[in-house]
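Undergrad: would you be able to build a 3D model of this:
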Amino acid sequence: MAAGHGMSAMAWRALSIHPTLVPNDVLAALRTRHLVISARSLYLTNELISVCELLEQSGVTAIAFKGPTLAAFAYRESGLREFSDLDLLVALSESPPRARP
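TA: Below you'll find the model as predicted:
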């Protein structure tokens, strides 16, 4: 049920405090899922940093939201929030791009 709601990592964190409340195999499965989520979160966070750096070097103003940004803000750990994409708000340029002839 936790996996279906994207809450496996949070369930593991909560239930690992009192491991006698759930069967060992369930806790082990939640822990494994948490490790997978954490690894993917680190990968996507690294990609987000790279994209933001490239945009900044190109003079494009952008800000990240949701995904790893929300995880860091809300949970202080990116591996506790499942996400599968990266969201950026990009500022409009001051002058519209000119059409190419």
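Undergrad: buried residues in the helix ranked longest in the chain?
TA: Scanning the chain for the helix with the most residues, using DSSP state H, yields helix 24-57. Of all the residues in helix 24-57, those buried under the rule 16 or more other C-beta atoms under 10 Å are 27, 29-31, 33-34, 37, 41, 44-45, 48, 52, 55. For glycine as for every other residue, the C-beta is placed from the backbone atoms N, C-alpha and C.
Undergrad: and the next element down the chain from that helix?
TA: strand 62-65 (DSSP states H and E).
Undergrad: in its sheet, which strands sit next to that next one, and in what direction?
TA: strand 87-90 (antiparallel) (DSSP bridges).
Undergrad: pLDDT (mean, whole number) over the strand it pairs with?
TA: On average, the pLDDT along strand 87-90 is 93.
Undergrad: got a list of contacts for it?
TA: 48, 51-52, 55, 60-67 (C-beta atoms under 8 Å, 6 or more residues apart in numbering).
Undergrad: and stretch 58-75, by the same measure?
TA: 41, 44-45, 48, 52, 55-56, 77-81, 83, 85-91.
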